[in-house]
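Student: From the sequence below, what's the structure:
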Amino acid sequence: MQRPGVLPRPKEVSVVDGIADVTESFRALVDKYSLDQFTLATADGLVFASSGGESAQTDAACYGELFTNDPLAETPGVVLFGFTHKGSDLVGIVRTNLETTEEIAQMIEKDTKDILNKWI
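Tutor: Next up is the predicted model:
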């Protein structure tokens, strides 16, 4: 049974199959995990890709640099993870007011990498 205030189990949908472009893939990621928004930023704070939303540029500027300087920093409502894709350091910025388990965070990171491997 799902605990209140915790992200639900992800939906059984693909974030790459039958999808037209990278933006649609990130929208599918948000839907799959019941997130509020997802932004992928460069380490220097620029939007690399996003699910859309008004705060993508602000999130990229704020959290891209924050994660680069302090990867263990915690912000309520935001989950951060970093990785390298084709030589570029990237920061995943997940917006959700629900608790995110380590398992779900790793699944989001894996799906993000799958999206990039398909489109970029």
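Student: And the strands in this structure?
Tutor: Applying DSSP state E to the chain gives strands spanning 37-42, 47-50, 78-85, 88-95.
Student: Just say which of those is most tucked in.
Tutor: strand 37-42 (a mean of 24; mean count of other Cβ atoms under 10 Å). Glycine gets a C-beta too; all of them are placed from N, C-alpha and C.
Student: On the strand side of things, show who the nearest residue to Q57 once chain neighbours are set aside bridges to.
Tutor: Nearest residue to Q57, sequence neighbours excluded (Cβ to Cβ, 6 or more residues apart in numbering): V47, at 5.7 Å. Beta bridges link V47 to A41, judged by DSSP bridges.
Student: what does the model give V47 for pLDDT?
Tutor: Here, the pLDDT recorded for V47 equals 94.
Student: How about the contacts made by it?
Tutor: By Cβ atoms under 8 Å, 6 or more residues apart in numbering, the residues touching V47 are T39, L40, A41, A56, Q57, A60.
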